[in-house]
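Enquirer: build me a model from this:
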Amino acid sequence: MPIHHIIPKHEWRKRFRDLKGFNDPDNKVSLTTEQHSQVHLHYFNEITHIIYDRIASHAISGQIGKEEAYIQAVKLANTGKKHSVKFCADRKKRMRGVRLTETWKKNISKGQLGNKRGPHKPEHTRKQSEAQLGDPRGPYQKSICPHCKKSGGCNAMTRWHFNNCKLRVGELC
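Expert: From the prediction side, this is the model:
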């Protein structure tokens with residue numbers, strides 16, 4: 001019979017800062033394979049909304065193989081996506097139409113003090129473009145991501161798009 005941890009490892013670390021007691025009998029329960037799969041699916045649908053629980057449910061029930069589950073989990077981890085689907089949707093709703101208070105604006109301003117990045121002066125932009133005219137590498141090459149249709153330089157696009165594109169993650173689930 002498969003053993004299911006009542007408090008998952010990621011939650012245990014968050015609560016207790018280490019794994020002491022994680023494998024104690026008080027934190028384990030024996031379930032059938034079908035029950036174990038249903039528990040993870042319930043976590044995904046009703047409690048955590050974390051995609052890893054959905055992947056675990058599909059892997060335990062045999063809908064996807066162990067290798068496919070591992071690949072999906074690694075791809076999800078490499079996207080930097082830490083929040084649940086519900087959290088992200090709620091955040092988008094909260095941020096839509098939010099008006100910044102004066103205190104909020106002052107805090108943002110304080111955080112930006114000394115920041116060297118920002119809009120360039122027109123003469124700086126002109127000098128940069130003139131300097132690149134004689135660039136031996138030739139014209140600036142652009143790539144287009146097939147998932148989100150964004151275009152940009154080859155290095156940045158390879159890092160953030162193509163196999164790592166956020167919209168590609170939606171195809172996995």
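
Enquirer: need the mean per-residue confidence for stretch 62-73.
Expert: Mean pLDDT, computed over stretch 62-73, is 85.

Enquirer: my error: substitute stretch 37-44 in the last question.
Expert: Mean predicted confidence for stretch 37-44 is 86.

Enquirer: buried set for that stretch?
Expert: Using 16 or more other Cβ atoms under 10 Å as the test for burial, stretch 37-44 gives 37, 39-41, 43-44. In this view, the C-beta of every residue, glycine as well, is placed from N, C-alpha and C.

Enquirer: among those residues, which lie within helices?
Expert: Among those, the ones falling in helices (DSSP state H) are 37, 39-41.

Enquirer: need those in TSV (columns: distance to Asn107).
Expert: Output for those, formatted as TSV (distance: Cβ to Cβ, whole Å):
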residue	distance to Asn107
Ser37	46
Val39	43
His40	40
Leu41	42
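
Enquirer: of all those, which comes closest to Arg13?
Expert: Top of the list for closeness to Arg13, among these and by Cβ to Cβ, is His40 at 18.5 Å.

Enquirer: check contacts around that closest one.
Expert: 53-54, 56-57, 60 (Cβ atoms under 8 Å, 6 or more residues apart in numbering).

Enquirer: and of those, the nearest to Asn163?
Expert: Nearest to Asn163, judged by Cβ to Cβ, of the contacts of His40 is Arg54 at 20.8 Å.

Enquirer: next helix or strand past the worst-scoring helix or strand of the chain on mean pLDDT?
Expert: The weakest-scoring helix or strand in the chain, judged by mean pLDDT, DSSP states H and E, is helix 85-95 (a mean of 62). For helix 85-95, the following helix or strand on the C-terminal side (DSSP states H and E) is helix 102-112.
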